[in-house]
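**Student:** Quick one, fold the following:
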Amino acid sequence: MGGGRPVPALLAAPGPTTTRTAPVPAAARPAADAGWAPVAPAAVAERTPAGVQEAVVDCLVTHHPRLPRDRMGHRLNDAGRWLIAEAVADLHGVRLSPRELARDEHRRWSVPELGLTASVAHCAAYSTVALVSGQTVGVDLQDHRDRPFAMQWLGALLGRPDGEPATMRDFAECEALIKASHIRKETFAGVRLPDWRPGWRPTNVGYLVRSADLGDGLQLALATDAPARVRWWWQPDPAAQPVRTATPTLEPAA
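**Tutor:** Sure, this is the predicted structure:
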């Protein structure tokens, strides 16, 4: 299950001195991007019991003319670190060097200074970063390349009947689940994905998954260990200010 998986972090080269900037107030950000329209029905409201503080996953999708490269033009092996650091700066107003990010024994990213956990994926000309406080998160992007053997194998692993192959949505959800959890590819047998519907769906291993078709042949999936509201953000290029969207999409309004 490679596809949109981030490249494993290598030893980070010494970075610049960390710069702190004031957090960007939520009220200063646009409530939605009028130039972008959803490609799916409006999200189903997810209610939180009275007195319980609702967790929020910020999920940023960015279009890249090119992913970061070194002076020789080669794509950086630690692009995942760079993408998370940029998302933290864009959404939280705090500039960190990539080496200030951490990974635990399950290879899950975190931003210790802000008490955030993070996940990252990049596929084709797009990346996505998910950030949340107080729980784990995994995110994945997959495109619709022809992978018949991989889909057949994954379908069998998920217990699909009569040799039914997995879908690209399944593929993305499995990758997001691995990134959010203690589960690895080697221990994935027995995991079952619930039938698709909008919003979070509980799996049989104590985590929740959700997914969406972004358009342009891309599937995005999220996984976490507790319910949370999702705030979707769209960034047409890395230099642009992220804007809120009702649902994740790459399609411009007609």
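
**Student:** Now do the contacts for Leu141.
**Tutor:** 3-4, 121-123, 126-128, 172, 214, 218-220 (CB atoms under 8 Å, 6 or more residues apart in numbering). In this view, the C-beta of every residue, glycine as well, is placed from N, C-alpha and C.

**Student:** Can you list which of those residues are found in strands?
**Tutor:** Among the contacts of Leu141, the residues falling in strands (DSSP state E) are Ala121, His122, Cys123, Tyr126, Ser127, Thr128, Leu214, Leu218, Gln219, Leu220.

**Student:** burial measure for the first one, as a count.
**Tutor:** Counted with other CB atoms under 10 Å, the neighbours of Ala121 add up to 26.

**Student:** and it, what are its bridge partners?
**Tutor:** Thr128 (DSSP bridges).

**Student:** my read: it touches Thr128, true?
**Tutor:** Yes: if you go by CB atoms under 8 Å, Ala121 and Thr128 touch, sitting 5.4 Å apart.

**Student:** Quick check: neighbours shared by the two?
**Tutor:** Shared contacts of Ala121 and Thr128 (CB under 8 Å, 6+ apart): Val139, Asp140, Leu141.

**Student:** Against Ala240, how distant is the first one?
**Tutor:** Which is Val139. In this structure, Val139 lies at 20 Å from Ala240, with CB to CB, to the nearest Å as the measure.

**Student:** Just say helix, strand or coil for the spatially most central residue of the chain.
**Tutor:** Nearest to the geometric centre of the chain sits Val139, at 2.8 Å (CA atoms, centre = their mean). Assigned by DSSP: H, G, I helix; E, B strand; the rest coil, the conformation of Val139 is strand.

**Student:** Thanks a lot, catch you later.
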